[in-house]
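S.K.: Pasting a predicted model and its sequence here:
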Amino acid sequence: MRAATEGLETPYAVVDAAALRLNAEDLLRRSGGTPIRLASKSIRCREVLRTALDLPGVHGVLAYTLPEALWLAEEVEDVLLGYPTVDRSALRRLAADERLASRVTLMVDSVEHLEFTAAAVGPDGPPLRVCLELDASLRLAGGRIHFGARRSPVHTPKAAARLARAVVARPRFTLAGVMAYEGQIAGVGDNRPGVARYAVRAAQHASARELAVRRAAAVAAVRAVAPLEFVNGGGTGSLELTAAEPAVTELAAGSGLFAPALFDHYTRFTPRPAAYFALSVVRRPSPRHVTVLGGGWTASGPPGADRLPVPVWPRGLSLLPTEGAGEVQTPLTGAAAAGMSIGDRVWFRHPKAGELCEHVDALHLVEEDGTVRAVPTYRGEGHAFL
């Protein structure tokens, strides 16, 4: 990959095409035959989405904003919006286009969402498809202990059925599905160094057991109100666990294709790193240090060292704890620094998957024979959806 891209000017992003294919095959193996819906926020490149959608066992996209969903729905027949929207203009566009309305499913978790949407689109037009989001977090001690993301207020089967009844009572909406994302299992590595991993494993085990029972009960309660086309669950880190639940009809995954650094610490699977970015050395402050231009591509989530990009080549380089990754320059230290020169390149892995694409216009896909194909990211196609 280094030889194939040496003529490019930094910064640039590279995807190992062979690793991408292997990771896709592993996701499908782990899903055990349950269809996978691609999480677009973890990919953010239409060409990669198209390639993955051509694989047997992959169908549909889980989008992250409604403008993005409408854009993707021009060519993808099944787009589920993974988060509620308050974008009035996008809602009006959806409601005015029968074709888009048949392809895009909105996410709601309250009557307030229904009322907001109805007010935005008015009474006329095709029915709008909606999906109910069930909160997947583990709550103990009357809610004083909370393990998982704070997403939907719909936590119980009773609450899910109540919201389902509110949907079917409104002729402007059609109930299509239920989604529950167990980020505390799918998105948290259970094999990080240190003793804390044992607490994570125990909490994840308890959460998986509780959620399997509650999700099945919630789906049954909603099906008693109206039929469902799909029940979406899981994520890259929990595919095999969620696929084992009879109530779940499809899985969500996306990060596993690129295998970013945050996915290095799982006991259930070992993906092959596929996505990298390269920066150039512009300073040599001392024989033990080099400085690259750029690098402050930190990941979202709780602040910490695990949200910083990871230098992976030359081996042995690391960030300085006093400076971290800088917007314009990033100093690095390590034994390899002594042998580096101005203009040499350092390769990094991003902590998260799709966020890399917000910093570059193209992904350079490198095949095993060294051929390179540049494909545009969302940014490269002129889109910044969030």
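M.R.: Yep, that arrived. Given the structure is predicted, the values throughout are model-derived calculations rather than measurements. Residues are numbered from 1 along each chain as shown.
S.K.: count of residues packed around residue 287?
M.R.: By other C-beta atoms under 10 Å, the residues close to residue 287 number 9. Heads up, the C-betas are built off the backbone N, CA and C, glycines and all.
S.K.: what's the spacing between the closest residue to it other than its chain neighbours and residue 284?
M.R.: In space, and not counting its chain neighbours, residue 287 is closest to residue 338: 5.2 Å by C-beta to C-beta, 6 or more residues apart in numbering. Going from residue 338 to residue 284 by C-beta to C-beta, to the nearest Å gives 9 Å.
S.K.: between these two, which one's more packed in?
M.R.: Neighbour count, other C-beta under 10 Å: between residue 338 and residue 284, residue 284 has more, with 16 against 12.
S.K.: Contact partners for the more buried one?
M.R.: Shown in contact with residue 284 (C-beta atoms under 8 Å, 6 or more residues apart in numbering): 290, 291, 337, 340, 341, 342.
S.K.: next one: phi and psi at it?
M.R.: When read as degrees, to the nearest 10, the backbone of residue 284 gives phi -130, psi 80.
S.K.: Please report how far it lies from residue 48.
M.R.: 36 Å.
S.K.: Could you do residue 7 as well?
M.R.: From residue 7 to residue 48 the distance is 23 Å (C-beta to C-beta).
S.K.: More neighbours: those two, which one.
M.R.: residue 48 (26 against 7).
S.K.: In a strand, that one, correct?
M.R.: No - judged by DSSP: H, G, I helix; E, B strand; the rest coil, residue 48 forms no part of a strand; its state is helix.
S.K.: measure stretch 311-324 end to end?
M.R.: 12 Å (C-alpha to C-alpha, to the nearest Å).
S.K.: Show residues contacting it.
M.R.: Outside stretch 311-324, the residues that touch it by C-beta under 8 Å, 6+ apart are 2, 273, 276, 289-290, 296, 298, 305, 308, 325, 330-337, 339-340, 346-349.
S.K.: can you give me the helices in the stretch 151-300 of the chain?
M.R.: Taking DSSP state H, counting those that start in this stretch, the helices of the stretch 151-300 of the chain run over residues 157-168, 183-186, 196-223, 239-243, 255-258.
S.K.: To residue 74, which of those helices lies closest?
M.R.: helix 255-258 (22.1 Å; C-beta to C-beta).
S.K.: Where do the strands of the stretch 251-386 of the chain begin and end?
M.R.: 275-286, 289-293, 310-313, 318-319, 329-333, 345-349, 362-366, 372-376 (DSSP state E, counting those that start in this stretch).
S.K.: would you turn those into a markdown table with distance to residue 73?
M.R.: Shown next, in a markdown table, are the strands of the stretch 251-386 of the chain (distance: least, C-beta to C-beta, whole Å):
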| stretch | distance to residue 73 |
| --- | --- |
| strand 275-286 | 26 |
| strand 289-293 | 39 |
| strand 310-313 | 35 |
| strand 318-319 | 40 |
| strand 329-333 | 39 |
| strand 345-349 | 32 |
| strand 362-366 | 22 |
| strand 372-376 | 19 |
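S.K.: export these to a markdown table and tack on distance to residue 177 and mean pLDDT?
M.R.: Shown next, in a markdown table, are the strands of the stretch 251-386 of the chain (distance: least, C-beta to C-beta, whole Å; pLDDT from 0 to 100):
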| stretch | distance to residue 177 | mean pLDDT |
| --- | --- | --- |
| strand 275-286 | 30 | 97 |
| strand 289-293 | 45 | 97 |
| strand 310-313 | 37 | 97 |
| strand 318-319 | 42 | 97 |
| strand 329-333 | 43 | 97 |
| strand 345-349 | 34 | 98 |
| strand 362-366 | 31 | 98 |
| strand 372-376 | 31 | 98 |
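S.K.: Of those, which is nearest residue 102?
M.R.: Nearest of those (C-beta to C-beta): strand 372-376, 27.4 Å.
S.K.: Output the closest one as CSV, nothing but the C-alphas.
M.R.: Extracted in CSV, the C-alpha atoms of strand 372-376 (Å, rounded to 0.1, in the frame of the first residue of the first chain):
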residue,chain,number,x,y,z
VAL,A,372,-5.2,1.9,-6.9
ARG,A,373,-8.7,3.2,-7.4
ALA,A,374,-9.8,6.5,-5.9
VAL,A,375,-13.4,6.8,-4.8
PRO,A,376,-15.1,9.9,-3.4
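S.K.: Strand partners (parallel or antiparallel) of that strand?
M.R.: Using DSSP bridges, strand 372-376 pairs in its sheet with strand 362-366 (antiparallel).
S.K.: Just want the angle from the strand it pairs with to strand 275-286.
M.R.: Using axes from the mean of the first three to the mean of the last three C-alpha atoms, to 10 degrees, the inter-axis angle of strand 362-366 relative to strand 275-286 is 100 degrees.
S.K.: I'd like the numbering to begin with 173 instead of 1 from here.
M.R.: Taking 173 as the first residue, the last one we looked at is strand 534-538.
S.K.: distance between strand 534-538 and the chain's centre?
M.R.: 19 Å (C-alpha atoms, centre = their mean, to the nearest Å).
S.K.: so who does residue 195 touch?
M.R.: By C-beta under 8 Å, 6+ apart, the contact set of residue 195 is 428, 429, 430, 431, 443, 444, 446.
S.K.: Quick one: mean pLDDT for whichever strand or helix holds residue 185?
M.R.: Element membership for residue 185, per DSSP states H and E: strand 184-188. Strand 184-188 comes out with an average pLDDT of 98.
S.K.: In terms of secondary structure, what does that strand contact?
M.R.: strand 447-458, strand 534-538 (3 or more C-beta pairs under 8 Å, 6 or more residues apart in numbering; DSSP states H and E).
S.K.: Need these in JSON lines (columns: distance to residue 555).
M.R.: Below are the helices and strands packed on strand 184-188 laid out as JSON lines (distance: least, C-beta to C-beta, whole Å):
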{"stretch": "strand 447-458", "distance to residue 555": "19"}
{"stretch": "strand 534-538", "distance to residue 555": "14"}
